[in-house]
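Visitor: Okay, predicted coordinates and the sequence, questions at the end:
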Amino acid sequence: MKNSTPNQDHPNDKERDLDINKSNAENQFLTTNQGVKINDNNNSAKAGERGPSLLEDFILREKITNFDHERIPERIVHARGSAAHGYFELYKPLDKYTKAGFLNDTSIKTPVFVRFSTVAGSRGSTDLARDVRGFAVKFYTQEGIFDLVGNNMPVFFIQDAMKFPDLIHAVKPEPHNEIPQAASAHDTFWDFISLMPESMHMIMWVMSDRAIPRSLRMMEGFGVHTFRFVNDKNESHFIKFHWKPKLGTHSVLWDEAQKISGKNSDFHKQDLWEAIESGNFPEWELGVQIIPEKDEHIFDFDLLDPTKLVPEEIVPLTIIGKMTLNKNPDNFFAETEQVAFHPGHVVPGIDFTNDPLLQGRLFSYTDTQLSRLGSPNFHEIPINRTIAPMHNNQRDGHMRQEIATGRVSYHPNSLGGGCPFQAKIDEGGFASFNERIDAHKVRDRSASFSDHFSQATLFYQSQTDTEQEHIIKALTFELGKVETVAIRERMLGLLSRVDPILVSKVSKCLGLKVPKELEKPINHGVGADADPNKHEPTFVKRPTETSDSLSILKSETGKDSIVTRQIAFLCADGVNAASVNNMKAALKKAGAVVKIIAPHLGSIVSEDDSEIPVDQSYLTAASVLFDAVFVPAGKGILDLKNNGDVKEFLTDAYKHCKFIAAEGQGIEILPFVNNNDSEKPIRDVGILVSDQIGDEYLSASFINALANHRFWEREANL
Ligand code: HDE
């Protein structure tokens, strides 16, 4: 990996702002923090060469002290992250809906910093955990910071912030033995879930392929809660935010995910980094679902309930702009680790709703930064600093950087000429949307939140057969890891409300009967004195029978390109150079990345004695790290026939439904199946072969096939 390099789009306003804090030690002396030049950075000061160290050695003390305090607490959730800089461009002004400046001026390129994350694992855990992915975007707008702190799934497990610590305690490693890391497949998680029917819709998402993305560049993002746009007439519309990746949404298989975790636990982090370094800048379009204030109650679900989505068939998406990520961070700690997001960071024109999950989040994020970053001055950390002018009377505290001049730090004042002034609304001052609220103070939940199953069913039944099978396998895996049989049974009870075939398949695999009745009381949504009947899960009519936008495989986006797909060429000395070079040229022209794998590093010598540089050996490469495989022609390729690593490579590629192409002798290396006691070469539409060397028809068909990502139909025969 190279260091990140500036490119033509830099610096934008935020880049210029960050430049103030950047340092570069090129051609500079080594110094202490006080600027004193260091003469010996290898030996501490001692009383004699073999004597004790001297307390006065300020150089040693400073170095060790700094080292002792290098770590800060990792995030309580979303600890593992990868981030990048970029910009957002608006397609057309949205003045009808919002007065936010960056959503009204198409000439502005708003700088952004985006952090993707897993939720449950620690900072050093694997990228490929089955988990929700955080998708947090910081917009550095000219009116202040707007953070869209979303996920790659449009709904959440719980309806009320009160349950968040319980949810997280349940999913995190169990407290007595800190097992398992970055995994939900354990008793405490499913114990909690089995008692929380409201989580059933989100469980469908987390058990689906959405929870194991192929790349951070190939996943959708969602604001989850319903937000508001407010225009300059103070009219409000309800808004759902969606990020749509230009490369389409793609996932890996669970078996693959587990193997990738062993082979390269930084798979996603590295993929994002390398794509940006190579100029393949990831892009997402921003879409909004816009719902007029008057339509708040026309749905069969509550817009304030974060366990529900608004099907795109009912309220279509309006695409409003595009985000491009074009620069890697310069320093992981300074930027990716210290960035502090907050759903409460909004600008005039964007406002909250009363979603009780969102309302709780509005408290949590600043609070957590106080312990994680150590002081209320975290807004001064360069990556968190606004590019809009910032003046107020907040003062002091740990590590304050600002040197506020003058004697006035209060408002109103006359000694400072009344500065800084309050801004009128037409001067850009923020005023909350003046929603009318007339209510009793209660600790309760609305009955309109009680339908926990209809959208779970909608999601499951909108999936293709392949995707449904993956959900069934995921549930069987997760519940199979649960040791307490009563928890498994309780889960079957809940799944029986989602789909009869789903539950019958899972129960068969678990060797259990489906309970007829839901266990009572389901300890959910009710206080000790509340009427449990009021909160019995209800069923309402599904908003739509099925919704194609919920299925990854039904989507057409990203299925016309193979840009950045990683293709392994299984090679050896004695390979046919034309076979390698022609296929490589065709794939590279289509934007794919080709890696030559061989038994040894350095170069291999082809049949015509030309040298081909090797990228990886069979020891470090593995099928799970690639999207597809090509086995070229050449007499030397036959030597790979009995190579165990090559066999495993091809067997995995086949098992994971990847496209495989082979030419000439390469065809003989392809896996065999045992069919009625006789070995037969495996063949299906996903395996493309040609006897001709450098066959252009083969490369064209391979590229065409690869655009579909995988040959999922194969799975049914495995
Ligand atoms: Fe978060 N969440 N969250 N969350 N969340 C945090 O804030 C919290 C929720 C999300 O890359 C924490 O700075 C509560 C939903 C992302 O830095 C913490 C509740 C969604 C990130 C916190 C939720 C999210 C966080 C931990 C329920 C999707 C990573 C560190 C009321 C819309 C941001 C931090 C980053 C991080 C609290 C639920 C997204 C503890 C209390 C729903 C992407 O403040």
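Guide: Nice, thanks for sending it over. Quick caveat: nothing in here was measured; it's all calculated off a predicted structure.
Visitor: With adjacent residues omitted, what lies nearest to Ser409?
Guide: Spatially, and ignoring its direct neighbours in sequence, Ser409 is nearest to Asn393 (4.7 Å; C-beta to C-beta, 6 or more residues apart in numbering). C-beta: built from backbone N, CA, C; applies to glycine.
Visitor: The ligand versus Arg16, what's the distance?
Guide: Relative to the ligand, Arg16 is positioned 23 Å away (C-beta to the nearest ligand atom, to the nearest Å).
Visitor: returning to that earlier point: three-state assignment of the residue nearest to Ser409?
Guide: Taken by DSSP: H, G, I helix; E, B strand; the rest coil, the conformation at Asn393 corresponds to coil.
Visitor: For the remainder of this discussion, apply numbering that starts at 12.
Guide: Taking 12 as the first residue, the last one we looked at is Asn404.
Visitor: so it sits right up against Gly417, yeah?
Guide: No - proximity of Asn404 to Gly417 does not meet the contact threshold set by C-beta atoms under 8 Å, at 10.7 Å.
Visitor: Which one's more surrounded, these two?
Guide: For Asn404 and Gly417, the more surrounded residue by other C-beta atoms under 10 Å is Asn404, and the numbers stand at 13 against 10.
Visitor: Quick one: low-confidence residue ranges for the stretch 612-729 of the chain.
Guide: Counting by pLDDT under 70, the stretch 612-729 of the chain contains low-confidence residues at 684-690.
Visitor: residue furthest from the geometric center of the protein?
Guide: For the chain, the largest distance from the centre (C-alpha atoms, centre = their mean) belongs to Gly59, which lies 55.9 Å off.
Visitor: In contact with that one, which residues are there?
Guide: Residues near Gly59 by C-beta atoms under 8 Å, 6 or more residues apart in numbering: none.
Visitor: Is it in a helix, a strand, or coil?
Guide: Going by three-state DSSP, the secondary structure assigned to Gly59 is coil.
Visitor: give me phi/psi at it?
Guide: Per-residue torsions, Gly59: phi 90, psi 150 (degrees, to the nearest 10).
Visitor: Can you get me a residue count around Ser64?
Guide: Ser64: 13 surrounding residues under other C-beta under 10 Å.
Visitor: Once you drop chain neighbours, what's closest to it?
Guide: Ser55 (4.9 Å).
Visitor: And that neighbour, which helix or strand is it part of?
Guide: When secondary structure is defined using DSSP states H and E, no element contains Ser55, which sits outside every helix and strand.
Visitor: Quick check, Ala597 in contact with Ile714.
Guide: Yes - Ala597 is in contact with Ile714 according to C-beta under 8 Å; the separation is 6.6 Å.
Visitor: Let me know how buried Phe150 is, in neighbour terms.
Guide: The tally of other residues near Phe150 (other C-beta under 10 Å) stands at 25.
Visitor: what sits against it?
Guide: So Phe150 contacts 99, 113, 121-123, 156-159 (C-beta under 8 Å, 6+ apart).
Visitor: Put together JSON lines for those, with distance to the ligand, secondary structure and pLDDT on each row.
Guide: Conversion of the contacts of Phe150 to JSON lines gives the following (distance: C-beta to the nearest ligand atom, whole Å; DSSP: H, G, I helix; E, B strand; the rest coil; pLDDT from 0 to 100):
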{"residue": "Phe99", "distance to the ligand": "17", "secondary structure": "strand", "pLDDT": "98"}
{"residue": "Phe113", "distance to the ligand": "20", "secondary structure": "helix", "pLDDT": "98"}
{"residue": "Thr121", "distance to the ligand": "19", "secondary structure": "strand", "pLDDT": "98"}
{"residue": "Pro122", "distance to the ligand": "17", "secondary structure": "strand", "pLDDT": "98"}
{"residue": "Val123", "distance to the ligand": "13", "secondary structure": "strand", "pLDDT": "98"}
{"residue": "Ile156", "distance to the ligand": "13", "secondary structure": "strand", "pLDDT": "98"}
{"residue": "Phe157", "distance to the ligand": "14", "secondary structure": "strand", "pLDDT": "98"}
{"residue": "Asp158", "distance to the ligand": "9", "secondary structure": "strand", "pLDDT": "98"}
{"residue": "Leu159", "distance to the ligand": "9", "secondary structure": "strand", "pLDDT": "98"}
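Visitor: Between those, which sits nearest Arg228?
Guide: Nearest to Arg228 among the contacts of Phe150: Val123, at 14.9 Å, using C-beta to C-beta.
Visitor: I'd like the distance between the residue of the chain found nearest the ligand and Ser507.
Guide: In the chain, no residue comes nearer to the ligand than Gly145, which is 2.8 Å away by C-beta to the nearest ligand atom. Separation of Gly145 from Ser507 (C-beta to C-beta, to the nearest Å) stands at 32 Å.
Visitor: what do you get for Gly112?
Guide: The span separating Gly112 from Ser507 equals 51 Å under the rule C-beta to C-beta.
Visitor: Count residues in the vicinity of Leu328, would you?
Guide: By the measure other C-beta under 10 Å, the count of residues near Leu328 is 18.
Visitor: mind checking the SS state of the nearest residue to it once chain neighbours are set aside?
Guide: Across the structure, with C-beta to C-beta, 6+ apart as the measure, the residue nearest Leu328 apart from its sequence neighbours is Gly298 (3.8 Å). For Gly298, the reduced secondary structure class is strand; criterion used: three-state DSSP.
Visitor: Now do the contacts for Gly298.
Guide: Shown here is Gly298, whose contacts under the criterion C-beta under 8 Å, 6+ apart are 252-255, 328-331.
Visitor: picking that back up, comparing Ala597 and Ile714, which shows the higher neighbour count?
Guide: Ile714 (23 against 19).
Visitor: Nearest residue to that one in space, please, no chain neighbours.
Guide: In space, not counting the residues next to it along the chain, Ile714 is nearest to Ala601; the distance is 4.9 Å by C-beta to C-beta, 6+ apart.
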